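Undergrad: Need coordinates for the following:
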Amino acid sequence: MIRLSVNINKIATLRNARGGSVPDVIKAAIRCQEFGADGITVHPRPDERHITYKDVRELRSVVRKEFNIEGYPEKKFIALVLEVKPEQVTLVPDPPGVLTSNAGWDTISHQNFLRETISLFKNAGIRTSLFLGTDLEKIDAAASTNTDRIELYTEPYAANFNSGPAVAVAPFTRAAIRASELGLGVNAGHDLNLENLRWFAENVPGLMEVSIGHALISDALYMGLENTIQLYQRCLRK
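TA: The predicted structure follows:
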């Protein structure tokens, strides 16, 4: 079964646009789980422009399924993750001011840094995942960092899907096969939606989890959160 983790950053973005506590990210996380999500993902950034560090701490007590915290492993982020102890931490190579994640790790040039960082989390019993592209050399290097999983950056797939699904997914199929050969679990995320998710899930062997936020929350504005989560889950069920 491929697990669906709902990224609730966009709910926090809407709250922060007005100030106050509406919409309530804690209530949203509870409802997402009740409506069928297999986990909750958050990506706190240094400027706290959506999910805040306070949110992350408060979410720990209500996320009963898998809690996945994404982010760049600066000292403050590392300390937060070690304090909260989510089931999974996904390390993303975002510079501080970037709008959204737009590239995977260069696991060759950052090998030592990643290995040292990952050891901190693994010693605390937290599963680790590295945000990666489909370059096979970098997937090989990821295995040397001792990460448990990789998360494939799927924006290139989404961008090329309408031009030809088979061509668009091919690099991800190869990447997933290579990761599995190396003993790495495979997650995926970024720009997956109701149009392209099923094809991706059917053609990426060993896929364990997808993290979806922007598209899912946007769809929920029109179709309701419960219905939307169920529609995404149907895309993942073979």
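Undergrad: How about G71, nearest residue that isn't a chain neighbour?
TA: If the residues on either side of it in the chain are set aside, G71 comes closest to F77, at 4.7 Å by Cβ to Cβ, 6 or more residues apart in numbering. For glycine as for every other residue, the C-beta is placed from the backbone atoms N, C-alpha and C.
Undergrad: which is the next helix or strand following the helix of greatest length in the chain?
TA: Using DSSP state H to assign secondary structure, the helix with the most residues in the chain is helix 165-181. In the C-terminal direction, the helix or strand that comes right after helix 165-181 (DSSP states H and E) is strand 185-189.
Undergrad: can you state the direction angle for that next one and helix 165-181?
TA: Counting by axes from the mean of the first three to the mean of the last three Cα atoms, to 10 degrees, strand 185-189 lies at 140 degrees to helix 165-181.
Undergrad: mean confidence for the helix or strand following strand 185-189?
TA: Along the chain past strand 185-189, the next helix or strand (assigned with DSSP H and E) turns out to be helix 197-203. When pLDDT is averaged along helix 197-203, the result is 98.
Undergrad: What helices and strands are in contact with the helix or strand just after helix 197-203?
TA: If you walk from helix 197-203 toward the C-terminus, the next helix or strand you reach (DSSP H and E) is strand 207-212. For strand 207-212, the packing partners by 3 or more Cβ pairs under 8 Å, 6 or more residues apart in numbering; DSSP states H and E come out as strand 3-7, strand 66-71, strand 185-189, helix 197-203.
Undergrad: and if we set it to 6 Å?
TA: Applying 3 or more Cβ pairs under 6 Å, 6 or more residues apart in numbering; DSSP states H and E, one finds that strand 207-212 makes contact with strand 3-7, strand 185-189.
Undergrad: So in that sheet, which strands flank the first one, and in what orientation?
TA: By that I understand strand 3-7. strand 39-42 (parallel), strand 207-212 (parallel) (DSSP bridges).
Undergrad: what's the very next helix or strand once past the last one in contact with?
TA: Think strand 207-212. Going down the chain from strand 207-212, the next helix or strand is helix 214-223, by DSSP H and E. With Cβ atoms under 6 Å, 6 or more residues apart in numbering as the test, helix 214-223 has contacts from 10, 193, 228, 232.
Undergrad: any idea which element the last one lies in?
TA: Using DSSP H and E, Y232 sits within helix 225-236.
Undergrad: Please give me every residue in contact with T41.
TA: When contacts are counted by Cβ under 6 Å, 6+ apart, T41 is found next to 5, 7, 68, 211.
Undergrad: Quick check: pLDDT value at it.
TA: According to the model's per-residue confidence, T41 sits at a pLDDT of 98.
Undergrad: Quick check: it vs F67, distance?
TA: With the distance defined as Cβ to Cβ, to the nearest Å, T41 ends up 8 Å from F67.
Undergrad: Likewise for G189?
TA: Using Cβ to Cβ, one gets 15 Å for the distance from G189 to F67.
Undergrad: Check N196 too.
TA: Shown here: N196 relative to F67, a distance of 26 Å by Cβ to Cβ.
Undergrad: go on, G20?
TA: Applying Cβ to Cβ, one obtains 24 Å for the distance of G20 from F67.
Undergrad: and if you look at N160?
TA: Counting by Cβ to Cβ, the separation of N160 from F67 is 32 Å.
Undergrad: Mind checking which of those two has more residues around it?
TA: F67 (23 against 16; other Cβ atoms under 10 Å).
Undergrad: Excluding sequence neighbours, find me the nearest residue to the more buried one.
TA: If you skip the residues right next to it in sequence, F67 has P86 as its closest partner in space, 3.9 Å away by Cβ to Cβ, 6+ apart.
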